[in-house]
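Student: please work out how this folds:
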Amino acid sequence: TGWMTWNASVVLCDYLERNHSTLVQNKLVGDLSSGNGLVAVCLAHLGSQSVVATETKDCVTLTFQNIKLNKVEGKVSVQTYYWGEANNPCLKCSTVTLCDLLYIAIRDSLERELEDTIREMCMSGCTIYFAFEQRLQEEEQSFIARLQESSNGGSEGLVVTQISPDKLNTEKLSPTDESSVEALL
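Tutor: Below you'll find the predicted structure:
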């Protein structure tokens, strides 16, 4: 899955570009399961203090190659990490991005690991921008509902808020994809 650029990454990069001064500028930012590194490169170019890009062992080489090709290796550190494991490198970040991980989590039966990882980051104080393209309506809605139910008014550090669709630019996507991208904060 790290071998392509997903629509949610394109939409999130555009959103971050339009709001970077308050969201990522001069901050330590993480990009969980960075894939090919597009969002990590974007974060580096938008003035993040530094970026931690995580990926599985199988994809970390590709992520690093794209970081190097885009000349941001001095700002972006690429590290191997699997959801649910101890020592999540994104825990030290103030802001973390997650793009199109929900489909993968559902497809590979890793929802619990992803959910635990999101909770852990929220409890450590991270603000998470979680963008995904809806493909599996019921399963995705169920996952988000579980996150919302467990937020307990933020008592566990977890508050789920959807970014209004009118604040998302889908012009760079093909017309059939426009209505399916959602973003959560």
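Student: what helices or strands is the longest helix anywhere in the chain leaning on?
Tutor: Assignment by DSSP state H gives helix 7-23 as the longest helix of the chain. Counting by 3 or more CB pairs under 8 Å, 6 or more residues apart in numbering; DSSP states H and E, the packing neighbours recorded for helix 7-23 are helix 38-45, strand 95-99, strand 127-133, strand 181-184. Using the backbone N, CA and C atoms, a C-beta is placed for each residue, glycine as well.
Student: contact partners of the helix or strand following the longest one?
Tutor: Read that as helix 38-45. Sequence order places strand 50-55 as the next helix or strand after helix 38-45, per DSSP states H and E. With contact meaning CB atoms under 8 Å, 6 or more residues apart in numbering, strand 50-55 is reached by 2, 28-35, 37, 40, 43-44, 62-63, 67, 72, 75-81, 88-90, 92-93.
Student: re the thing from before, list the buried residues for the longest helix of the chain?
Tutor: By neighbour count with 16 or more other CB atoms under 10 Å, helix 7-23 contains the buried residues Asn7, Ala8, Ser9, Val10, Val11, Leu12, Cys13, Asp14, Tyr15, Leu16, His20, Leu23.
Student: any idea how far it is from the chain center?
Tutor: Relative to the chain's own centre, helix 7-23 is displaced by 11 Å; criterion: CA atoms, centre = their mean, to the nearest Å.
Student: also stretch 109-129?
Tutor: 11 Å.
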